[in-house]
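Asks: just the structure for this:
(chains A and B)
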Amino acid sequence: MLDIKFIRENKDIVQAGAKKKRIEIDIGKLISLDDSRLLELKAVEDLRSEVNRVSNDIARDQDPALKIQLIEEMRGVKEEIKAKEEKLKATMEEWQKIMLKIPNIPSVDTPEGPDDSGNQVVRSWGEKPQFAFTPKEHYELGKALKIIDTETAAEVSGSRYAYLKGDLVIMQFALIQMCLEILTNEETLKKIAEGSNISVIPTSFMPVVPPVFIRPIVQVKMARFMTPEEHYMFPNDDLMLIGSAEHTLGSMHMGKIFEEKDLPIRYAGYSTAFRREAGAAGKDTNGILRQHQFDKLEMEVFSLPENSMQEQNFLVAIQEYVLQTLKLPYQVVAVCTGDMGFPDSRQIDIETWMPGQNKYRETHSADSTGGFQARRLNTRVRRSDGKIEHVHMNDATVIAIGRTLIAIIENYQQADGSIKIPEVLRKYMGGKEFITK
RNA sequence: GGAGGCGUGGCUGAGUGGUUGAAGGCACCGGUUUCGAAAACCGGCAUUGGGGAAACUCAAUCGUGAGUUCAAAUCUCACCGCCUCCGCCA
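Replies: Here you go, the predicted structure:
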């Protein structure tokens, strides 16, 4: 959520930002509603002030006749307050509805575009592997090696589910283990930051296994409930499943005030993510690229406002470090205004090379939401001079299991259909070098 | 799931209808003292919104929401959370 004061003072910027994001908003209506809100609020507060004042008189005054008279008068004022409060409440509800639909403003360096066609490749890394044979897609290889079974999953749970089996499961936990070691080692983090010329305090990430259920009201505060059809809902319990660990990591500190000296705070959350993929009918139906359920290690950082862009760059640097460690070719993409998330001011994606598809596919995302989520969550920081302001929040993928496994399977495939295990993972996999039949 | 108890400021902890935004303590920030520090002493110290150049002032907030009342931290109801015991369970 943006600050209403900021909106009032910068309505053109807000309007233009929404337009760039291809989101329709009515700033004029919001501001005239806000005018009414302030007027009605003043009216209610003036009456309350009167009641408060007279009530104190009643408590003090000894004359019983006067008391009765004042109480009578205040009964009338009470009725008046009630009526005015109802009007205010109606105004507030409409105001709130519009406020929740105002998106965050894209950063100045965000490319403009209607959809993912407007995304810009910022840089790329790694040599695409050359094969002496036609590289296969992950689902062919996975099926033959009996490490991916979507057919049984389809019967048991429906489409877009899979059984991961055998060495692929071991590899999942190897990846997580490897990444947690990176994220909890300040020396490594310092090296990553220095290597990319980023000046951040390299505080290590606190590993977290967060809840996968979240209250819908909290999801609204995370500004991640814009498309209800994307979420699995459990109305009987007033709960929904998270689509990312971000949702229950970012909301951990709602209503809290940090001390400046305690920031940045970094979390590495491991959880399953659940997505209905309602708008993706017929897209990526083979294999495990687009699943209703997948496991993911996610970073979430709370920082001082002035540091949030550096923090985002740092998270991207960590993502690149992970992919470089795995020797997977990738490109870094500046996501354009029409494709970026509602609460994001700046979104950077990483697309990893998938030889079977002969394409780069999105495996990572880094979202800087500035103070947008923090304002809704009311997560703040007390600066060293005593001033209180909203923190800035960043979230980013470390490893999205399904898609990273695909990248490894396809990039490391051998002529005989086996998969060479990336060297860095072998120590977590009993020294094994290949996944074979 | 059953029974009981409890939610007050950064922490702790008083407060069961009346100028209580809330005593006391701790922590924190100034100052006195000291060569310096500690201790002691003095002072300050919640958040949000409105008005004001400012001093200041008005409103709201004692888990959340509704209600009773001229007046609610205090009474009523619902919800949320925490604790203890029993049951169940990975």
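Asks: contacts, neighbours, all on C-alpha from now
Replies: OK.
Asks: for chain A, which residue gets nearest to RNA strand B?
Replies: In chain A, the residue that lies nearest RNA strand B is A:S49 (3.3 Å; C-alpha to the nearest atom of the strand).
Asks: whatever helix or strand that residue lives in - contacts with which helices or strands?
Replies: Taking DSSP states H and E as the criterion, A:S49 maps to helix A:27-60. On a contact count with 3 or more C-alpha pairs under 8 Å, 6 or more residues apart in numbering; DSSP states H and E, helix A:27-60 meets helix A:64-100.
Asks: part of a strand, is A:E300?
Replies: Yes: residue state for A:E300 (DSSP: H, G, I helix; E, B strand; the rest coil) corresponds to a strand.
Asks: now do A:E260, the pLDDT please.
Replies: Note on A:E260: pLDDT of 86.
Asks: brain fart, A:A65
Replies: On the pLDDT scale, A:A65 gets 83.
Asks: count of neighbours near it?
Replies: Residues within reach of A:A65, counting by other C-alpha atoms under 10 Å, total 8.
Asks: A:L175 touches A:V424, doesn't it?
Replies: No: assessed by C-alpha atoms under 8 Å, A:L175 is found out of contact with A:V424, at 9.2 Å.
Asks: and stretch A:347-367, how far apart are its ends?
Replies: Using C-alpha to C-alpha, to the nearest Å, one end of stretch A:347-367 lies 5 Å from the other.
Asks: what comes up buried for it?
Replies: By 16 or more other C-alpha atoms under 10 Å, the buried positions in stretch A:347-367 come out as A:347-356, A:360-367.
Asks: likewise stretch A:86-101?
Replies: Those buried within stretch A:86-101 under the rule 16+ other C-alpha under 10 Å are A:K87, A:L88, A:T91, A:M92, A:W95, A:I98, A:M99, A:K101.
Asks: restrict those residues to those near RNA strand B?
Replies: Among the buried residues of stretch A:86-101, no residue lies close to RNA strand B (C-alpha under 7 Å from any atom of the strand).
Asks: and the nearest residue to A:M299 once chain neighbours are set aside, what pLDDT?
Replies: Distance criterion C-alpha to C-alpha, 6 or more residues apart in numbering; nearest residue to A:M299, sequence neighbours excluded, is A:A268 at 4.6 Å. According to the predicted model, the pLDDT of A:A268 comes to 96.
Asks: contact partners for A:H392?
Replies: If a contact means C-alpha atoms under 8 Å, 6 or more residues apart in numbering, then A:H392 has A:F302, A:S303, A:L304, A:P305, A:S308, A:T369, A:G370, A:G371, A:F372, A:A374 as its contacts.
Asks: check A:Y161 too.
Replies: A:Y161 touches A:T150, A:A153, A:A154, A:I288, A:Q291, A:H292, A:Q293, counting by C-alpha under 8 Å, 6+ apart.
Asks: for the fifth one, which non-adjacent residue is spatially closest?
Replies: Counting by C-alpha to C-alpha, 6+ apart, A:R160 is the residue found nearest to A:Q291 once chain neighbours are left out, at 4.6 Å.
Asks: need the contact list for that neighbour.
Replies: A:T150, A:A154, A:T285, A:G287, A:I288, A:R290, A:Q291, A:H292, A:Q293.
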